[in-house]
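Peer 1: Predicted model follows, preceded by the sequence.
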Amino acid sequence: MEQFFVRGGRPLHGTIRVSGSKNGCLGIMAAALLVKGKTTLHNVPDIRDIYTMGEMLRQVGAEVEFLGNGSVCIDATSFDRTQAPESLVRAMRASFYVFGPMLARLGRAEVSQPGGCEIGARPIDFHLKGMQALGAKVEVNGGIVRGEAARLHGAQLYLDFPSAGATTHLMITSCLAPGKSTIENAATEPEISDLAAFLNHLGARIDGAGSDTINIDGVEELKTEMEFSILPDRIEAGTFACAAAITRGDVVLDRVVPSHLLPVLVKLQDMGVEVLPLDTSEPEQLGRLRVRATARTQCVDILAMPHPGFPTDLQQPIASLLSVSQGTATVTDQVFENRFKYASELARMGANIRVEGRSAFVTGVERLCGASVLATDLRAGAALVVAALAANGETVISGIDHIDRGYSGLVEKLRGAGADIVRADLTEPRSFFRAV
Ligand code: UD1
């Protein structure tokens, strides 16, 4: 069982290159199933969720080749299977995105129902209601979702909550549903706009992605060849920004879209962190941000909301920063009901944090101290890494398979910026620090 071993207290310095977006890439890989031909994607992050999606696409008949250097080629010409393996849907909820392309291209779909997870119940009712509105007959029986549609058609779709997953899934599916569709109260995340750009390059007719009303004019066929580069991962970038701030470091985040990070950067600035866009006339310097902290940060309240609000995926890493900031703060999550599992682990490191309902109440302490802690989910793991980088002494983080789902080369990137972090498989963790 591998763990991260971190000795805290080293300020991060230098440049960290941000990878392609996990969430953006997952949606686009599923959308590649609509293409009766080859889709080549670049800037694909080297993370476990992407390989899980690759395996899912293979299992339903597509050819998937990871070309190295962040590129993957998906050939969905022979996509012909209408059943998806349950183990892959259980491993990653986004695997459920294959349901829509199955209906749109093959007229049938049988995919197991993704369960709840560590961060909340996470139902799929918006997805299913949307598929029904698009003309599919859908039933759920014994944990399996079955869908049938001789032919999909455009429809007016309304989401009770601007769900990123439902917007992604319904936008992909309605591309090949002839007639006009509208998704009202749609999610507005940059990954949704990127997916629409990808689909439009393929010949889809999508308008309004990035706003809360998306119009789709369904087409019969898409192009059969496509090359596309995935947008940078704003959540990974935000995590490194928190790591830079908590260690009072000075880090350049390379390959970011600063506007996608606005909700986080504004909060960091309110906390006293310097954020400088490195805007020069050199084109390659566009999309670089410098994040620098020279003193103890100040507490500010965080309200995680749908985009463009503060991202729920970053309320955990920023809570680690708050736990050593001056003052008190409330962190509230309006997106997921149970995203505070990291709080008890942070408390083991000396944080003064109390959770009540959908909020965590934090009173900043001077220093955290190293401890043995457990990552219960992806972003909880990111929070613990951020905390460990600034803690006194040694922290051992278990459950790092969660972190591997979403952070590409995390140890290498942090070590490159001066952090003392290693990944190792040791049965007697404490001896590791004595050994080096
Ligand atoms: C996606 C992201 C995840 C991010 C989240 C919110 C991917 C692969 N994952 O997750 O990293 O934290 O958006 O930004 O892109 N809901 C329903 N019914 C549904 C669908 C959602 O009630 O059919 C609820 C959820 O339980 C949750 C809220 O809507 O409370 C938002 O969920 P959603 O945006 O769908 O999250 P995911 O797409 O699962």
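Peer 2: Sure thing, it's come through.
Peer 1: Show me the strands in the stretch 251-400 of the chain, by range?
Peer 2: 274-277, 289-292, 302-304, 328-333, 352-356, 359-363, 372-374, 394-398 (DSSP state E, counting those that start in this stretch).
Peer 1: and the residue lying closest to residue 274 once chain neighbours are set aside, what are its bridge partners?
Peer 2: If the residues on either side of it in the chain are set aside, residue 274 comes closest to residue 292, at 4.4 Å by C-beta to C-beta, 6 or more residues apart in numbering. Quick note: C-beta positions are derived from backbone N, CA and C, even for glycine. Note on residue 292: beta-bridge partners by DSSP bridges are residue 250, residue 274.
Peer 1: Could you report the distance from residue 292 to the ligand?
Peer 2: 28 Å (C-beta to the nearest ligand atom, to the nearest Å).
Peer 1: Number the chain from 31, please
Peer 2: Okay, residue one is now 31; in that scheme the one you just asked about reads as residue 322.
Peer 1: count of residues packed around the residue in the chain that the ligand sits nearest to?
Peer 2: Residue nearest to the ligand within the chain (C-beta to the nearest ligand atom): residue 195, separated by 2.4 Å. Using other C-beta atoms under 10 Å, residue 195 has 20 neighbouring residues.
Peer 1: near the ligand, which residues of the stretch 231-380 of the chain?
Peer 2: 342, 343, 365, 366 (C-beta under 6 Å from any ligand atom).
Peer 1: Just the closest of those to residue 218, please.
Peer 2: residue 365 (13.4 Å; C-beta to C-beta).
Peer 1: so who does that closest one touch?
Peer 2: If a contact means C-beta atoms under 8 Å, 6 or more residues apart in numbering, then residue 365 has 334, 335, 336, 342 as its contacts.
Peer 1: how about these in TSV, adding distance to residue 434, pLDDT and neighbour count?
Peer 2: Shown next, in TSV, are the contacts of residue 365 (distance: C-beta to C-beta, whole Å; pLDDT from 0 to 100; neighbours: other C-beta atoms under 10 Å):
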residue	distance to residue 434	pLDDT	neighbour count
334	23	98	22
335	28	98	16
336	27	97	20
342	20	97	21
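Peer 1: quick one: which of the residues you listed sit in helices?
Peer 2: Using DSSP state H, no member of the contacts of residue 365 sits in helices.
Peer 1: Can you give me the neighbour number for the residue nearest to residue 181 when sequence neighbours are not counted?
Peer 2: Spatial nearest neighbour of residue 181, chain neighbours left out: residue 165 (6.6 Å); criterion: C-beta to C-beta, 6+ apart. Using other C-beta under 10 Å, residue 165 is surrounded by 18 other residues.
Peer 1: and this protein, what are its domains?
Peer 2: 32-49+262-455, 52-259 (automatic domain parsing).
Peer 1: What's the mean pLDDT across the shortest one?
Peer 2: This points to domain 52-259. Domain 52-259 shows a mean pLDDT of 95.
Peer 1: What's the end-to-end length of it?
Peer 2: 13 Å (C-alpha to C-alpha, to the nearest Å).
Peer 1: swap in stretch 346-358?
Peer 2: First residue to last in stretch 346-358 (C-alpha to C-alpha) measures 16 Å.
Peer 1: Please identify the buried residues of it?
Peer 2: Across stretch 346-358, burial judged by 16 or more other C-beta atoms under 10 Å covers 346, 347, 348, 349, 350, 351, 352, 353, 354, 355.
Peer 1: wait, doesn't the fourth one sit right on residue 392?
Peer 2: It stands for residue 349. Yes - using C-beta atoms under 8 Å, residue 349 is in contact with residue 392, at 6.4 Å.
Peer 1: tell me, what's touching the two both at once?
Peer 2: In contact with both residue 349 and residue 392: 361, 383, using C-beta under 8 Å, 6+ apart.
Peer 1: chain center to the helix or strand hosting residue 452: distance?
Peer 2: Assigned by DSSP states H and E, residue 452 falls within strand 450-454. With C-alpha atoms, centre = their mean, to the nearest Å as the basis, strand 450-454 stands 23 Å off its chain's centre.
Peer 1: before we move on, what about stretch 282-299?
Peer 2: The answer for stretch 282-299 is 16 Å, by C-alpha atoms, centre = their mean.
Peer 1: same question, stretch 445-453
Peer 2: Put simply, stretch 445-453 sits 23 Å off its chain's centre (C-alpha atoms, centre = their mean).
Peer 1: how deep is residue 325 tucked in, by neighbour count?
Peer 2: Neighbour tally, residue 325, other C-beta under 10 Å: 9.
Peer 1: so what's the backbone phi/psi at it?
Peer 2: phi -140, psi 170 (degrees, to the nearest 10).
Peer 1: Next one: it from residue 272, what distance?
Peer 2: 16 Å (C-beta to C-beta, to the nearest Å).
Peer 1: Residue 201 now?
Peer 2: Taking C-beta to C-beta, one finds residue 201 at 31 Å from residue 272.
Peer 1: which of those two has more neighbours?
Peer 2: Shown here are residue 201 and residue 272; by other C-beta under 10 Å, residue 272 has more neighbours (31 against 27).
Peer 1: doesn't residue 171 make contact with residue 177?
Peer 2: No - using C-beta under 8 Å, residue 177 makes no contact with residue 171, being 11.9 Å away.
Peer 1: ok, those two, which is more surrounded?
Peer 2: Neighbours per residue (other C-beta under 10 Å) separate residue 177 from residue 171, with residue 177 holding more: 24 against 8.
Peer 1: Give the helix, strand or coil label for that one.
Peer 2: strand (DSSP: H, G, I helix; E, B strand; the rest coil).
Peer 1: Identify the residues contacting it.
Peer 2: 129, 132, 133, 138, 139, 140, 161, 166, 167, 168.
Peer 1: make it 10 Å
Peer 2: Residues counted as contacts of residue 177 (C-beta atoms under 10 Å, 6 or more residues apart in numbering) are 112, 129-130, 132-133, 137-141, 158, 161-162, 164, 166-170, 203.
Peer 1: Please apply the same query to residue 98.
Peer 2: Residue 98 touches residue 76, counting by C-beta under 10 Å, 6+ apart.
Peer 1: Could you show which parts of the stretch 81-230 of the chain are in contact with the ligand?
Peer 2: 123-124, 150-157, 191, 193-196, 217.
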